[in-house]
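Engineer: only the shape, not the letters, is given here:
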């Protein structure tokens, strides 16, 4: 996400940083480029106008003109103004007050409400809450079954909705059942339409009236750009939404909706969906997003993902193996599986500061997801003995492994070569370096 904007802004800042002193003309030229970059990113034109105005006022002041590094000062100002534009502070869910807390998800058809309901339920359970999923979309074929299936996958209870019961009554009964069962958070997945209409809004207002929700979250497709902003404005005027969840952010290289919604509606973005998997949901933090837009990475989100996805017992076991130089191909495969839980390689790399500036990253030469699948297939095709002691893998064994994994002998050779080189590197680190690592932390 934000790939196009990131590349455009970095070109502008590279020019500014390369000059010893900045004249008013230099700043005006740079801001013209920033303005074009934001408009190309599909940011609301009024938002762009106000943003550039604020940056210009600060950039033409003494804090930049008297600075020894004026180019960096301009970047700092843009960074601060981006955070302000995105909402200053990350706002989590407000679940205090009457219990069980109620979250109503609203939005147009196809925005991803049902999957988002399951994702938020999973996120809340990680925070120690006891969520209850409620399918209140009785119109879309299989909507009820879809949420029941997702609830079963997550082992989260789902209200047994009947299609002939009106959605407001479903919501009322579900809240009562959650209270009786000691469940503290009710997540209601409502119906959508192809467009905003009176019937949809009337139904949502009735659900709001009978459940008195703490949160009414609009679920909007980020890839629709300014349409998402317009939809948010419409829903807010009818329902007084408390926040927004932007879905499909991983496929939105522009990011205009994320940069416009807070400024236009005054409502915070609370979550962003970054993939189809149920763990592909991130809480929205304006500073972290501003860092990503300017190519500064987002290590905090990466660390949080790692803490959630990595098995600490396995991490400790692996660290002991590294100390003893007994890191096998089986361990290598297990580590690949752990890393893939964090998201796509592209997403992971975008969170590492400076990675976007590397030539090989720009040219798309980072590891392909298909390569990781191929590596795992090759290792799975080996016998347990071969995975533990790769030196016994001779030519005939390599041919057998290639046939079994649907790859070529050259692929097998390349994997074994890379593994051997990595083993050498780990040995060079030495036992003393592993002793210095914090408990459970790996050197990669």
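Structural biologist: Okay, I see it. The structure presented is a predicted model; accordingly, all values stated were derived computationally and were not measured. Residues are numbered from 1 along each chain as shown.

Engineer: what score does the nearest residue to residue 273 once chain neighbours are set aside have for pLDDT?
Structural biologist: Excluding its sequence neighbours, the residue lying closest to residue 273 (C-beta to C-beta, 6 or more residues apart in numbering) is residue 247, at 3.9 Å. To be clear about C-beta, it is placed using only N, CA and C from the backbone, and glycine gets the same treatment. Looking at residue 247, its pLDDT reads 91.

Engineer: which residues does the closest residue to residue 101 other than its chain neighbours contact?
Structural biologist: Nearest-residue entry for residue 101: residue 95, 3.9 Å, with adjacent residues in sequence omitted and distances by C-beta to C-beta, 6+ apart. Neighbour list for residue 95: 101, 103, 129, 184, 185, 214, 215 [criterion: C-beta atoms under 8 Å, 6 or more residues apart in numbering].

Engineer: circling back: neighbours of the residue nearest to residue 273, how many?
Structural biologist: 29 (other C-beta atoms under 10 Å).

Engineer: now residue 294
Structural biologist: Counted with other C-beta under 10 Å, the neighbours of residue 294 add up to 20.

Engineer: which residues touch it?
Structural biologist: Shown in contact with residue 294 (C-beta under 8 Å, 6+ apart): 6, 9, 10, 13, 75, 78, 79, 82.

Engineer: show only the entries of those found in helices.
Structural biologist: 6, 9, 10, 13, 75, 78, 79, 82 (DSSP state H).

Engineer: can you tell me which of those is closest to residue 46?
Structural biologist: residue 82 (16.4 Å; C-beta to C-beta).

Engineer: which residue is the nearest non-sequential neighbour of residue 416?
Structural biologist: residue 390 (6.0 Å).

Engineer: so the one you found makes contact with residue 418?
Structural biologist: No. Between residue 390 and residue 418 there is no contact under C-beta atoms under 8 Å: 11.2 Å.

Engineer: which one's more surrounded, these two?
Structural biologist: residue 390 (18 against 12).

Engineer: residue 384 versus the more buried one, what's the distance?
Structural biologist: 12 Å (C-beta to C-beta, to the nearest Å).

Engineer: mean confidence for the host helix or strand of residue 375?
Structural biologist: Residue 375 belongs to helix 369-380 when assigned by DSSP states H and E. Helix 369-380 comes out with an average pLDDT of 84.

Engineer: pull out the buried positions in that helix.
Structural biologist: By neighbour count on 16 or more other C-beta atoms under 10 Å, the buried set for helix 369-380 is 372, 374, 375, 376, 377, 378, 379.

Engineer: tell me the pLDDT of the residue nearest to residue 408 when sequence neighbours are not counted.
Structural biologist: The shortest distance from residue 408 to any non-neighbouring residue, by C-beta to C-beta, 6+ apart, is to residue 402 (5.6 Å). For residue 402, the model assigns a pLDDT of 93.

Engineer: the chain should start at 237 in everything you say after this.
Structural biologist: Done: numbering now begins at 237, and the last item shifts to residue 638.

Engineer: what's the weakest-modelled helix or strand in this protein?
Structural biologist: helix 595-598 (a mean of 44; mean pLDDT, DSSP states H and E).

Engineer: any idea how far residue 389 is from residue 275?
Structural biologist: From residue 275 across to residue 389, the span is 41 Å (C-beta to C-beta).

Engineer: quick check on residue 421: phi, psi?
Structural biologist: When read as degrees, to the nearest 10, the backbone of residue 421 gives phi -140, psi 120.

Engineer: and it, bridged to which residues?
Structural biologist: Using DSSP bridges, the bridge partners assigned to residue 421 are residue 337, residue 367.

Engineer: which ones are touching it?
Structural biologist: Contacts of residue 421 by C-beta under 8 Å, 6+ apart are 331, 336, 337, 338, 339, 357, 360, 365, 366, 367, 368, 414.

Engineer: so where's the stretch 237-386 of the chain uncertain?
Structural biologist: 237, 253-258, 297-307, 324, 326 (pLDDT under 70).

Engineer: the helices in it, which residues?
Structural biologist: Applying DSSP state H, counting those that start in this stretch to the stretch 237-386 of the chain gives helices spanning 239-253, 260-276, 281-295, 298-301, 306-322, 349-362, 379-390.

Engineer: and residue 430, which of these is closest to it?
Structural biologist: With C-beta to C-beta as the measure, helix 349-362 is the member of those nearest residue 430 (13.8 Å).

Engineer: list the buried residues in that closest one.
Structural biologist: Under 16+ other C-beta under 10 Å, the buried positions of helix 349-362 are 349, 350, 351, 352, 353, 354, 355, 356, 357, 358, 359, 360.
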